[in-house]
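Chemist: build me a model:
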Amino acid sequence: GRWRTKLVESFRTSGLREPLTHIKMLPEVARTSSDGAMKIGAKPMNLTLYLTFDCNQRCGYCFAAPQQTGDMSFQTASEAISVAANAATRNGDHHLGVRFFGGEPLMRWDLIPALIAETRNIAAAHGLRTSFSVSTNALTLNEERRSFLLQNDVAVGISIDGTREVHDRNRLDLDGGSSFELVLRNARAAIDEDLRVELVLVVDPTTIGDLRTSVEYLHDATGADFFILSLNVDAVWTAHDVSRLAHSYKELADYFADKFDQGRPIQIDALNNKMNVLLRSGFIRQGLCTIGQTDLAVIPDGRIYPCLRLAARRDDAYAIGHVATGVNWDSALMSGCGPGQNGDADPGCRSCRHTETCLNWCAAANIATSGRSTQPGMVMCKHEKICIGVSKAVLKRIDRDAYRDLYREYLPSMEPSQRIIAIESGK
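Modeler: Just a heads-up that it's a prediction; the model follows:
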């Protein structure tokens, strides 16, 4: 597809003069829409709509498992879009991103085309640009739906964990059978038809031993170049699991570097994001999620949460409003999130040499792993240290200037000596 072609051709072009503005560089910058308008440090308002809690799979590790049923109405979704548009205007943003989520959002296909049109109408009234994405298991991602998503430039995140054996450890259909062949076929078709596709692999104690094999297989089998590693922070992680995770990430980093050296670069969010942060000597603060300020999530009954993971808990303790009344900007949750963002940071984080390059500010992950919004749990702390270590190793191995040029839209000017200090000193 054109995204893969553009990535490779730009890499091979002398001087790499064509910036790849379509590349998703979360968490600091959401995916740009096709106009390439969003820039680093200007994280836009993102709204996640839980269109349904229903699903046509029963994944063993799902953090949004259907503990209750519920479908969102068009009216609730429209009110949620208005709330998000008002919040974007309040923040001085010029962009509104909408993600369709679930459950399995394609089970509410009756809503998606109408809500895209509704979002555009509401956004236009506020002077906002729009972008759209959908997170799906791809079981019902048929040709008609793929065509609509392509025509409307909707980014598609497809959950698939690797080979059949790895995928079927957790991602079975409602009858307990394999979902692999149908998901693989629809993912390959979406990529061949030029949709903007990212493959999402859940990093879980049951899958960590096969990460390199999984990414390499999916790259070869589907033509995908963009991969998201979704750490299952709700799982029970042992010290042995963490040790296996470190080994698997090193293997995956070696594969990433091999592909870069071959002139066939792929993107793995856990590596690319961390490498870019290291090259900038830390996160850009105005680009971070400040809980409820740049991300809102709405569940079918209209309750508003500050992000999709907290929404999945459906706990009133984390709700910050309702579509009928708007966001409660005085909520205690709205005071900021995570170490480096407020004065309640964990002392261990404040003294850690990785604090400026660590994802310790993610309140949802912190709550899941430690029970506190400002303190990362063991698995988050270990995961970040592993990511930082393997990302530094990749940057030492590859042509760093070529990498910087490839991703220069996300890397502000920095003296070469500063770049070396950021990587070599461990800061």
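
Chemist: now the helix or strand harbouring residue 98, how far from the centre of its chain.
Modeler: Under the criterion of DSSP states H and E, residue 98 resides in strand 95-101. Centroid separation for strand 95-101 versus its chain: 12 Å, with CA atoms, centre = their mean, to the nearest Å.

Chemist: which stretch of helix or strand covers residue 82?
Modeler: Counting by DSSP H and E, residue 82 is part of helix 74-91.

Chemist: buried residues in the first helix or strand past the strand holding residue 98 going along the chain?
Modeler: Counting by DSSP H and E, the next helix or strand C-terminal to strand 95-101 is helix 112-126. For helix 112-126, a neighbour-count test (16 or more other CB atoms under 10 Å) marks 112, 115-116, 118-120, 122-123 as buried. All C-beta spots, glycine's among them, are computed from the backbone N, C-alpha and C.

Chemist: just stretch 99-112 next, same as before
Modeler: For stretch 99-112, by 16+ other CB under 10 Å, it's 99-108, 111-112.

Chemist: what comes up buried for the helix or strand where residue 247 lies?
Modeler: Per DSSP H and E: residue 247 is located in helix 239-261. Within helix 239-261, the residues that count as buried by 16+ other CB under 10 Å are 241-242, 244-246, 248-249, 251-253, 255-257, 259-260.

Chemist: stretch 214-229 now?
Modeler: Across stretch 214-229, burial judged by 16+ other CB under 10 Å covers 214-219, 222, 224-229.

Chemist: what do you get for stretch 71-91?
Modeler: For stretch 71-91, the neighbour count (16+ other CB under 10 Å) marks 71-72, 76-85, 87-89 as buried.

Chemist: just curious, which of those residues is nearest to residue 321?
Modeler: Taking CB to CB as the measure, residue 83 is the one of these closest to residue 321, at 7.5 Å.

Chemist: list the contacts for that closest one?
Modeler: By CB atoms under 8 Å, 6 or more residues apart in numbering, the contact list for residue 83 reads 296, 298, 304, 321, 323, 326-327.

Chemist: at 7 Å what do you get?
Modeler: Residues near residue 83 by CB atoms under 7 Å, 6 or more residues apart in numbering: 304, 323, 326-327.

Chemist: need the max-distance pair from those.
Modeler: Top of the distance list for these (CB to CB): 323 and 327, 9.6 Å.

Chemist: who has more neighbours, these two?
Modeler: Neighbour comparison, residue 323 and residue 327: the larger count goes to residue 323, with 24 against 21 (by other CB atoms under 10 Å).

Chemist: for the more buried one, give me the pLDDT.
Modeler: Note on residue 323: pLDDT of 98.

Chemist: surely it meets residue 298?
Modeler: Yes. Judged on CB atoms under 7 Å, residue 323 makes contact with residue 298 at a distance of 6.2 Å.

Chemist: hey, what's in contact with both of those two?
Modeler: 80, 304.

Chemist: strands along this protein, start to end?
Modeler: 45-50, 95-101, 129-136, 154-159, 197-203, 226-231, 267-268, 295-298, 303-305, 321-322, 326-327 (DSSP state E).

Chemist: so where is the stretch 251-400 of the chain shaky, pLDDT-wise?
Modeler: Where the stretch 251-400 of the chain drops to pLDDT under 70, the residues are 282-292, 332-348.

Chemist: now do the helices in it.
Modeler: 269-279, 308-313, 347-350, 363-370, 378-397, 400-406 (DSSP state H, counting those that start in this stretch).

Chemist: nearest to residue 192, out of those helices?
Modeler: By CB to CB (comparing all of the helices of the stretch 251-400 of the chain), the closest turns out to be helix 269-279, at 22.5 Å.

Chemist: and the pLDDT at the residue lying closest to residue 217 once chain neighbours are set aside?
Modeler: Among residues not flanking residue 217 along the chain, residue 163 sits closest, at 5.2 Å (CB to CB, 6 or more residues apart in numbering). We have a pLDDT of 97 for residue 163.

Chemist: and what of residue 3?
Modeler: 44.

Chemist: any chance of the helices of the stretch 251-400 of the chain in TSV, with distance to residue 128 too?
Modeler: Below are those laid out as TSV (distance: least, CB to CB, whole Å):
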stretch	distance to residue 128
helix 269-279	25
helix 308-313	20
helix 347-350	35
helix 363-370	25
helix 378-397	33
helix 400-406	30
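
Chemist: ok, which of the ones you listed comes nearest residue 137?
Modeler: Using CB to CB, the nearest of those to residue 137 is helix 308-313, at 15.7 Å.

Chemist: what comes into contact with that closest one?
Modeler: Residues outside helix 308-313 that contact it (CB under 7 Å, 6+ apart): 48, 50, 63-64, 101, 297, 299, 305, 318, 364, 368.

Chemist: and the gap between the residue nearest to residue 217 and residue 62?
Modeler: 20 Å (CB to CB, to the nearest Å).

Chemist: residue 84 too?
Modeler: In terms of CB to CB, residue 84 sits 25 Å off from residue 62.

Chemist: how far out from the middle of the chain is stretch 129-139?
Modeler: Here stretch 129-139 is found 12 Å from its chain centre; the criterion is CA atoms, centre = their mean.

Chemist: pLDDT of it, averaged?
Modeler: The predicted model assigns stretch 129-139 a mean pLDDT of 96.
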